[in-house]
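Undergrad: Structural data only, the sequence is not supplied:
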């Protein structure tokens, strides 16, 4: 039996590599899954021999080769490909394994079992020969080297997701550090044994033994200082074994040093060294005996203690009779120097995995690595964000700024009223023709009716869902008349469904308020929009004409007005040129982005990295920055366009002030300007109303889909409740039939209580709750007399879901009470509560995504209607 410790294997379980990789490649591209059938088969075969479990020297190369292929795989695939990998805790092979969807977890498990394999091979060596000691020393150092790689390169890369219920504590930094120190201590012990066999000087052997004790002490300290969950992973006899070894080799070191002292005729110091050695040996023996460690270790300690005691007795006798040297105190002794002969050694297959594969086949060698794909994806996202935020959004802001500035200055309508006093501006004619061709008023009326019809349909779906709940509640109450149902009453069981229905009612109410806002807007602007459908002749006749532009002005004021008007028109045309330049810039940027593809360059850069290098998206940051730099010219040009626009708008405002100053005393022109502006604003209101109605149409259609899902959920819930009632009814009937059968069998026996009667009156029950929607509303209003509308939503629901929060406010003075579908009966107590997150029937909670429906996202509210002039 060996007096050294070996690390056991982490037990693993088979995995379906083929299915997981096929699904991942199919979902994320990079080729057809059938192209990589041989790769997945090779992966599956390598894993069988590479995950450990068999103690044989041939399994070292199998584990190293599998690890090298795993390193290659991690350059092509992300850690999570949906492959469940399971490993049991290291000292608990029969415990529930820890399962993670993480290829890094698989790599760490392979490294851990490789370190275990080296330690078990070392412990199984015959250390009675020099060759056996050398092999044991080397294997322990290899084990320490693998554990060092695991601690520095493997464990930090394991990222646990929130869905992971447990973490692998035996793959933690503290646990790996303790095992690494233990392997080094045992390797140093083998080196000490070799030095003793080679009969090195006592002083050198003492230094080697002192280093053994120091390494065992470091391992013991690492275990003792670890947190309880990690410390408890070690077997109960490991820590006593390590502590006993620490004191044992401390005693060995001092014993060997005492022999060096006697060779130098320092007899007093010899005795002090032996006294210290005896003290350490006694401590080691006590710890070993209490810790119930391996008997062979206890025998080694006991043998040392006897030798030390014998030499101490001899030394004290000789000193008393012959030498008479003073015995120094322990604190006066010089500490024994340490000589380290071991260090962690990393196997060649781990330091350079390419040497194992050589020119052989790399698994998924032809697959584009996930790091490359992520780098391309990140670049595309950055490019899209740059185009949107720095070009499209800026262009839109510049356009909005210019339009708003012209709108506030009533341009170009003011100029068109002056330049074309007879006839209509071309822009207005185009807008009127557009409304006329679309038959605008009829289109709006039809759309309003369609939206109203869809709203009524949504209300009907909700009513049908509530009727389903009413019918179920009626059946539940009918069943309770004759049976004691051990379940929640309907008004308690369906409270989540009722809450959902109330929220939907609130959404419909808010949507109705928004629809009314659109209707009011249509009523206000209907006449003006109808005017846009008139013929050009009728429309022109409705616009007042300006007399100042009907003939050439002869006054100084008229000439000044035309001068300012021409200058203002020049600036507006210059602004149009800026708009066209900006739009052309946007098109050029979008065209460049559409044709931009850096896949080839990123792939070439990735090919330049060393083989089996783990490719990270961050490695391509410089490539991404260089490629994005080609869009800088558009950003610079957009900035210049913005500056030109600002200059032109400032000049337009200055010229407009001069123009208005010259025209402020002409009421005819102002009247014409107002008429043209009113028609222009009517066109914009027409577009705004049609857009609102289109949004409403889509909103109610989307809401109908959600309501149908909600109705189906109510059906499923009601069906489950009905099935439960039928099951309970059959159970009661079977019990009744059994009781009648027993009564028949005992009817022939003499009856002693002939005068006693049996009361077959059914148990009292409460009145049945209203089952119709109207009766339900009445009953609810009676329970909540202060709030007749028991289905009104709360203010915080309105704030979070309102389509028109600015147009349809809700009063907070009469906030609705939450509606509960409460019968007049007292609900029966249940024997046990439903599971968390489940209803009384074990159904998912209403907020769960298992139902397949979610809250509707409402469209943005329409802008407030500006007050009309006049």
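TA: Perfect, thanks for sending it. Source: prediction; values computed, not measured.
Undergrad: How many residues are close by residue 264?
TA: 10 (other C-beta atoms under 10 Å). C-beta coordinates here come from the backbone N, C-alpha and C atoms, glycine included.
Undergrad: Phi and psi next, for it.
TA: phi -100, psi 10 (degrees, to the nearest 10).
Undergrad: Just the pLDDT at it, thanks.
TA: Residue 264 carries a pLDDT value of 90.
Undergrad: how many neighbours does residue 308 have?
TA: Neighbours of residue 308 using other C-beta under 10 Å come to 25.
Undergrad: same question, residue 95
TA: Neighbours around residue 95, by other C-beta under 10 Å: 10.
Undergrad: you'd agree it is in a helix?
TA: No. Read with DSSP: H, G, I helix; E, B strand; the rest coil, residue 95 is coil and lies in no helix.
Undergrad: so it makes contact with residue 86?
TA: No. With contact defined as C-beta atoms under 8 Å, residue 95 and residue 86 do not form a contacting pair (11.3 Å).
Undergrad: can you pull out the strands in this structure?
TA: 85-87, 98-100 (DSSP state E).
Undergrad: what's the spacing between stretch 365-374 and its chain's center?
TA: In terms of C-alpha atoms, centre = their mean, to the nearest Å, the centre of stretch 365-374 is found 23 Å from the chain centre.
Undergrad: make that stretch 319-333, sorry
TA: With C-alpha atoms, centre = their mean, you get 71 Å for stretch 319-333.
Undergrad: what mean pLDDT does that stretch have?
TA: 91.
Undergrad: Check which residues of it are buried.
TA: Residues of stretch 319-333 classed as buried: 319, 325, 327, 333 (neighbour count, 16 or more other C-beta atoms under 10 Å).
Undergrad: Not counting sequence-adjacent ones, nearest residue to the second one?
TA: When you say that, I think you mean residue 325. In space, residue 325 comes closest to residue 268 once its chain neighbours are excluded; the distance is 3.4 Å by C-beta to C-beta, 6 or more residues apart in numbering.
Undergrad: Does the one you found touch residue 328 like I think?
TA: Yes. With contact defined as C-beta under 8 Å, residue 268 reaches residue 328; the gap is 6.3 Å.
Undergrad: Now do residue 548, the pLDDT please.
TA: For residue 548, pLDDT reads 50.
Undergrad: typo on my end, residue 641
TA: At residue 641, pLDDT is 93.
Undergrad: tell me the contacts of it?
TA: By C-beta atoms under 8 Å, 6 or more residues apart in numbering, the contact set of residue 641 is 398, 578, 581-582, 585.
Undergrad: and which of those residues is nearest to residue 118?
TA: residue 585 (65.5 Å; C-beta to C-beta).
Undergrad: Distance check, that closest one against residue 187.
TA: For residue 585, the distance to residue 187 equals 70 Å [C-beta to C-beta, to the nearest Å].
Undergrad: Which residue, other than its chain neighbours, is closest to residue 189?
TA: residue 212 (5.0 Å).
Undergrad: That neighbour touches residue 192, doesn't it?
TA: Yes. In terms of C-beta under 8 Å, residue 212 counts as a neighbour of residue 192; the distance is 5.5 Å.
Undergrad: and for those two, which residues touch both?
TA: 249, 252.
Undergrad: Which one of the strands of the chain lies nearest to residue 538?
TA: That would be strand 98-100 among the strands of the chain, by C-beta to C-beta, at 77.4 Å.
Undergrad: chain center to that closest one: distance?
TA: 18 Å.
Undergrad: Residues contacting that strand, please?
TA: With C-beta under 8 Å, 6+ apart as the criterion, strand 98-100 contacts 84-89, 158, 160, 164, 166-168.
Undergrad: Now a ChimeraX select for only the buried ones of these.
TA: Applying 16+ other C-beta under 10 Å to the contacts of strand 98-100, the buried members can be selected in ChimeraX as follows:
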select :85,86,87,88,89,158,164,168
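Undergrad: just the contacts of strand 98-100 now: which is nearest residue 693?
TA: residue 164 (49.7 Å).
Undergrad: which non-adjacent residue is nearest the closest one?
TA: Nearest to residue 164 is residue 100, by C-beta to C-beta, 6+ apart, at 6.0 Å.
Undergrad: what do you get for residue 638?
TA: residue 394 (5.6 Å).
Undergrad: hang on, isn't the one you found packed against residue 637?
TA: No. Proximity of residue 394 to residue 637 does not meet the contact threshold set by C-beta under 8 Å, at 11.0 Å.
Undergrad: can you give me the helices in the stretch 451-600 of the chain?
TA: In the stretch 451-600 of the chain, the helices defined using DSSP state H, counting those that start in this stretch lie at 490-493, 495-532, 536-542, 556-595, 599-607.
Undergrad: Indicate which one of those helices is closest to residue 41.
TA: Nearest of those (C-beta to C-beta): helix 599-607, 25.7 Å.
Undergrad: what helices or strands is the closest one leaning on?
TA: helix 370-386, helix 621-628 (3 or more C-beta pairs under 8 Å, 6 or more residues apart in numbering; DSSP states H and E).
Undergrad: Pull the distance from the shortest one to the chain's centre.
TA: Here helix 621-628 shows a centroid-to-chain-centroid distance of 28 Å under the convention C-alpha atoms, centre = their mean.
Undergrad: buried ones in it?
TA: 623-624, 627.
Undergrad: tell me the average confidence for it?
TA: 86.
Undergrad: Could you check the angle that helix makes with helix 370-386?
TA: Angle of helix 621-628 versus helix 370-386, following axes from the mean of the first three to the mean of the last three C-alpha atoms, to 10 degrees, is 40 degrees.
Undergrad: which residues touch helix 621-628?
TA: Helix 621-628 has contacts (C-beta under 8 Å, 6+ apart) with 375, 378-379, 382-383, 386, 596, 598, 601-602, 605.
Undergrad: picking that back up, dump the buried residues of helix 621-628 into a markdown table; add distance to residue 677 as well.
TA: Formatted as a markdown table, the buried residues of helix 621-628 follow (distance: C-beta to C-beta, whole Å):
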| residue | distance to residue 677 |
| --- | --- |
| 623 | 54 |
| 624 | 50 |
| 627 | 49 |
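Undergrad: Out of those residues, the closest to residue 542 would be?
TA: residue 627 (58.3 Å).
Undergrad: what about the closest one, distance to residue 585?
TA: 19 Å.
Undergrad: What of residue 567?
TA: 27 Å.
Undergrad: Repeat that for residue 283.
TA: From residue 283 to residue 585 the distance is 84 Å (C-beta to C-beta).
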